[in-house]
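Asker: For reference, the sequence and a predicted model appear below.
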Number of protein chains: 2
Amino acid sequence: MLSQATMSQPRGAVRPFATVPPQPASLNSLFGGQPIETFEPGTAVFWEGDDARHVFEVVEGVLRVFRILSDGRRIITGFIYPGDLLGVSLKDQYLYTAEAVTRTKLRRYEHGRFQDEINRSPELRPQLFACLCDEMAAAQDQMVLLARKSAEERVASFLLVIARRLGDDARQPVIEIPMTRLDMADYLGLTIETVSRTMTRLTNCGVIAPSSRHAMVVRKLGKLAALAGEIDADDKSAAGVGAVQQAVWPQ
Amino acid sequence: MLSQATMSQPRGAVRPFATVPPQPASLNSLFGGQPIETFEPGTAVFWEGDDARHVFEVVEGVLRVFRILSDGRRIITGFIYPGDLLGVSLKDQYLYTAEAVTRTKLRRYEHGRFQDEINRSPELRPQLFACLCDEMAAAQDQMVLLARKSAEERVASFLLVIARRLGDDARQPVIEIPMTRLDMADYLGLTIETVSRTMTRLTNCGVIAPSSRHAMVVRKLGKLAALAGEIDADDKSAAGVGAVQQAVWPQ
DNA sequence: GCGAAGTTGTGACGGTTTGTAACAGCCGCG
DNA sequence: CGCGGCTGTTACAAACCGTCACAACTTCGC
């Protein structure tokens, strides 16, 4: 789960995160000669505990990466998008399950050979390290979200990251949300009901507008960023949503 | 935050520079020649947003690594122990603040030179890579904890990790908890009250026994593991300490 | 020895979120 | 066209945890 187009979100108001598009002579070119494999929605690429024999590059589609507790609780630790790498780890076994959310096309690379290539190339190495650091930053953002953010902030943060992945030029971007509510809930540490309720509130106050079942328009990107907990709470232009606003910022 | 497998400190071992070319065998030996700096409890090594000029090796003591939301909420993303590396990142700025919990001794290495050494040495690279993977695995564990575990499971998981860090397979290990309840709360995504109450419950049902203010004995390691959510829930020997056990100890 | 400040433990109360429903919308199928 | 199956939405009661308050305790300084 190496997010090149990382899910990292800027922290603090001041630091926009300039994500670098995949370089042509880059990690991805390693996979150029490999055949493309297709995975239908819901099918697993590998399971937690499988021997980690391959590294994958996502060519097309979206995957979810998750772990499951013994009693069935599922935690999605990330979503993987085209251009990302999957399964990069020095462990003998995969630490998580990877499943296709949409129909997904992958290229496969044998694990040992991948490491050899990395070791050999002084150009690829920094790229891989940068990927790892990006992924680490994303993981820390997620820890912040899960540890201290409210349901509304979590959903807003999630939508914001997706909106920014597209390239934030559009002030009212149309964003695709290929995953189900259950996926979102298991990623954000909430239940589907809470996700649903929160999205309804965001719709009611005009921040977002549903476009189709798995797409929407972000009407107020700034307000979304405010709700995500990125801006100072006393910023008056960043008021909360509906009844919750009173409870959260009682001024 | 880079937990290395080895906690060895070759303090007195001075490398005979006349015989061996500068190709250190382990990451820690890189820092061997650097002077030791001391940080008193509560003092910061660096702040989030500082230019990332150095990499540190922890020689002695414990640090907390955290981020703070704009309204003051603090999230501790990890604790750093002797033998760990601190500040390894390819970012220009530190992504978090690092503060001494106890009196801490560090060695400092200039960031650019650290990268050069890593790039040059085919021995160090896999070590650093393994460290990053370990850190990534820990981050995922933490995401699981924060997203889906109950207060009791979180505290139990935390104590379990500390108990296992000691490595001695003593069945009733004495564990040191140098951090305050507030640190634990901000690490586990709870409040100090909840942490306090949960530890009291664990004490009441004999899983742990307080030894001093910042130390305790783990009396039932297996039960602690069960409470941490690692074992199957229908394992009868691993009953909860909540309502069920309150019936057994009705004071 | 004494008081102040910080840390920790305990209780009562309330709020956010969850769990359990029932219901509505979308889709493929016969 | 009507039918289940699935996903998503809404409502209500319950649970867990957070908030507030206060007491006990330690640590430090004087």
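Answerer: That came through, no problem.

Asker: A:Asp183: what secondary structure?
Answerer: The three-state assignment at A:Asp183 reads helix, by DSSP: H, G, I helix; E, B strand; the rest coil.

Asker: Can you name the residues that contact it?
Answerer: The contact partners of A:Asp183, by Cβ atoms under 8 Å, 6 or more residues apart in numbering or on different chains, come to A:Arg64, A:Ile76, A:Phe79, A:Val101. C-beta: built from backbone N, CA, C; applies to glycine.

Asker: And for A:Glu99?
Answerer: With contact taken as Cβ under 8 Å, 6+ apart, A:Glu99 is in contact with A:Gly42, A:Thr43, A:Ala44, A:Val45, A:Leu63, A:Arg64, A:Val65, A:Phe66.

Asker: what about the strands in chain A?
Answerer: For chain A, the strands defined by DSSP state E occupy A:36-39, A:44-46, A:54-60, A:63-68, A:74-80, A:85-86, A:97-100, A:104-110, A:174-176, A:208-212, A:215-218.

Asker: of the contacts of A:Asp183, closest to B:Ser157?
Answerer: Using Cβ to Cβ, A:Ile76 comes nearest to B:Ser157 of the contacts of A:Asp183, at 19.1 Å.

Asker: Tell me if I'm right that A:Leu202 and A:Ile208 touch.
Answerer: Yes: contact criterion Cβ atoms under 8 Å: A:Leu202 and A:Ile208 qualify, at 4.9 Å.

Asker: So for those two, which residues contact both of them?
Answerer: Residues touching both A:Leu202 and A:Ile208 (Cβ under 8 Å, 6+ apart) are A:Leu159, A:Leu224.

Asker: how far away is A:Ala147 from DNA strand C?
Answerer: Distance of A:Ala147 to DNA strand C, given as Cβ to the nearest atom of the strand, to the nearest Å: 13 Å.

Asker: In this structure that residue contacts B:Leu69, no?
Answerer: No: if you go by Cβ under 8 Å, A:Ala147 and B:Leu69 don't touch, sitting 10.1 Å apart.

Asker: okay, the two: which has more neighbours?
Answerer: A:Ala147 (25 against 18; other Cβ atoms under 10 Å in any protein chain shown).

Asker: Let's see the pLDDT reported for the more buried one.
Answerer: A:Ala147 carries a pLDDT value of 96.

Asker: show me the contacts for it.
Answerer: B:Ile75, B:Leu146, B:Asp186, B:Leu188, B:Gly189 are the contacts of A:Ala147 under Cβ under 8 Å, 6+ apart.

Asker: Leaving out the residues flanking it, which one is nearest to the second one?
Answerer: Same thing as B:Leu146. The spatially closest residue to B:Leu146, leaving aside those adjacent along the chain, is A:Leu146, at 3.7 Å (Cβ to Cβ, 6 or more residues apart in numbering or on different chains).

Asker: number of nearby residues for the one you found?
Answerer: Neighbours around A:Leu146, by other Cβ under 10 Å: 23.

Asker: Repeat that for the one 10 residues further on.
Answerer: Residues contacting A:Ala156 under the criterion other Cβ under 10 Å number 26.

Asker: Report the contact partners of it.
Answerer: Taking Cβ under 8 Å, 6+ apart as the criterion, A:Ala156 is in contact with A:Leu202, A:Val207, A:Leu224, A:Ala225, A:Leu227, A:Ala228, A:Gly229.

Asker: Try it again at 7 Å.
Answerer: Listed by Cβ atoms under 7 Å, 6 or more residues apart in numbering or on different chains, the contact partners of A:Ala156 are A:Leu224, A:Leu227, A:Ala228.

Asker: for A:Arg67, same thing?
Answerer: With Cβ under 7 Å, 6+ apart, A:Arg67 has these contacts: A:Glu48, A:Ile75, A:Thr77, A:Tyr96, B:Gln140, B:Val144.

Asker: repeat that for 10 Å
Answerer: Contacts for A:Arg67 (Cβ atoms under 10 Å, 6 or more residues apart in numbering or on different chains) come out as A:48, A:73-77, A:95-97, B:140-141, B:143-144, B:147-148.

Asker: Of the residues you listed, which count as buried by neighbour count?
Answerer: A:Arg74, A:Ile75, A:Ile76, A:Thr77, A:Leu95, A:Tyr96, A:Thr97, B:Gln140, B:Met143, B:Val144, B:Ala147, B:Arg148 (16 or more other Cβ atoms under 10 Å in any protein chain shown).

Asker: wait, what's in contact with the first one?
Answerer: So the one you mean is A:Arg74. Counting by Cβ under 10 Å, 6+ apart, A:Arg74 makes contact with A:64, A:66-68, A:97, A:182-183, A:185-187, B:144, B:147-148.

Asker: what separates A:Ala228 from DNA strand D, distance-wise?
Answerer: Distance of A:Ala228 to DNA strand D, given as Cβ to the nearest atom of the strand: 18 Å.

Asker: Same check on A:Gln127?
Answerer: In terms of Cβ to the nearest atom of the strand, A:Gln127 sits 35 Å off from DNA strand D.

Asker: my guess is that residue contacts A:Ser121, does it?
Answerer: Yes: shown here, A:Gln127 and A:Ser121 form a contact pair, counting by Cβ atoms under 10 Å, at 9.0 Å.

Asker: which of these two has more neighbours?
Answerer: A:Gln127 (21 against 15).

Asker: Grab the nearest non-local neighbour of that one.
Answerer: What sits nearest to A:Gln127 in space, not counting adjacent residues and going by Cβ to Cβ, 6+ apart, is A:Leu27, at 5.2 Å.

Asker: what about the one you found, how many neighbours?
Answerer: 27.

Asker: What score does A:Asn28 have for pLDDT?
Answerer: A:Asn28 carries a pLDDT score of 76 in this model.

Asker: Show the model's pLDDT score for the nearest residue to A:Ala130 once chain neighbours are set aside.
Answerer: Nearest non-adjacent residue to A:Ala130, counting by Cβ to Cβ, 6+ apart: B:Leu90, 5.0 Å away. Per-residue pLDDT puts B:Leu90 at 76.

Asker: And B:Leu90, how far from DNA strand D?
Answerer: From B:Leu90 over to DNA strand D the distance is 34 Å, taken as Cβ to the nearest atom of the strand.

Asker: pretty sure that residue contacts A:Glu135?
Answerer: No: using Cβ under 10 Å, B:Leu90 is not in contact with A:Glu135; the gap is 11.5 Å.
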